[in-house]
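>>> Next come a sequence and a model predicted from it.
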Amino acid sequence: MGISLAMSGEIPVNLQKAQAEWMKNWHRYLLGRMGMLASALEVGCGCGYVMENIKGVQYVAGIDSSISEVNCAKNRGLNAFFGDAKRIPFPDKSFDLVYGNYVLMWNKEPKVILNEMRRVSKKYVAIFAEPYWSGAVCDSSYLRNLAEKSREFISTKGGNPDAGLDLPGLFFELFGDFEIGTIPLVTTHKDMVEMIEFEKEILNLKEDTQYGNLLYVPTFWAFGRVD
Ligand SMILES: C[S@@+](CC[C@H](N)C(=O)[O-])C[C@H]1O[C@@H](n2cnc3c(N)ncnc32)[C@H](O)[C@@H]1O
């Protein structure tokens, strides 16, 4: 069965949960690079699984423009609020860190969002993950097809499957002091199988006897220091 997704990037809860788990160590590494933080805000928080990866920060809040996602996070005991990342409903310099994870890819104006994130931040603005699906590295024709279909699927839903490629230019323009890179390929067999299974179901792809073993989507991160 295929899964019908909304234009805004709402994705199934079980995929949000799995993705946050796959990236947990990476989120911790990036947080560690920023030192002590008292407060953080996630823009486009969904059900809040990434918020739960933000350890050692006293206050973590999230906003989302989908009321069902906000309710999902609230019902899970998180500080979630309704709001648009293009007009973040908080005063200037409200949080030490303002971050996003797979959110710019669902918006046509990433620069407007990054400017807003900078406005409400005291110390850092971070993007933990934005994909570059066109650069997917695959070890089988099945997975190459899957990557191509994913790219088309995201585009059809109004998203930008290659949003990661815009991060260097945007951070260069908006932040004097920033770091940028791609998430390294470190995965377990379980994570890889789960990822392929999720993709296959979302895209409604046929069963096969030979899937292949490697689907690596270059995924960019960046964080900038607010002056
Ligand atoms: C792919 S989901 C990612 C959720 C979460 N960040 C994660 O990684 O698990 C993208 C989320 O961003 C939200 N979103 C997209 N554009 C937004 C905007 N302009 N303002 C607030 N939320 C937005 C969607 O409603 C959706 O919940």
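That came through fine.

>>> Show me the beta-bridge partners of Tyr216.
Taking DSSP bridges as the rule, Tyr216 bridges to Val137.

>>> could you list every residue that touches it?
Contact analysis of Tyr216 by CB atoms under 8 Å, 6 or more residues apart in numbering lists Ala136, Val137, Cys138, Leu185. (Glycine included, C-beta is placed from N, CA and C.)

>>> Redo the residues you listed as JSON lines? Include distance to Asn53, pLDDT and neighbour count.
JSON lines is the format used below for the contacts of Tyr216 (distance: CB to CB, whole Å; pLDDT from 0 to 100; neighbours: other CB atoms under 10 Å):
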{"residue": "Ala136", "distance to Asn53": "24", "pLDDT": "94", "neighbour count": "20"}
{"residue": "Val137", "distance to Asn53": "25", "pLDDT": "94", "neighbour count": "13"}
{"residue": "Cys138", "distance to Asn53": "27", "pLDDT": "91", "neighbour count": "18"}
{"residue": "Leu185", "distance to Asn53": "19", "pLDDT": "77", "neighbour count": "11"}
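
>>> if we take these, which one ends up nearest to the ligand?
When the contacts of Tyr216 are compared for distance to the ligand (CB to the nearest ligand atom), Ala136 wins out at 17.4 Å.

>>> Do I have it right that the closest one meets Leu215?
Yes: with contact defined as CB atoms under 8 Å, Ala136 counts as touching Leu215 (6.7 Å).

>>> Find the residues that touch each one of those two.
Contact criterion CB under 8 Å, 6+ apart; residues shared by Ala136 and Leu215: Leu143, Ala147.

>>> Gly56 is in contact with Ala38, correct?
No: under the criterion of CB under 8 Å, Ala38 is not in contact with Gly56, lying 10.1 Å apart.
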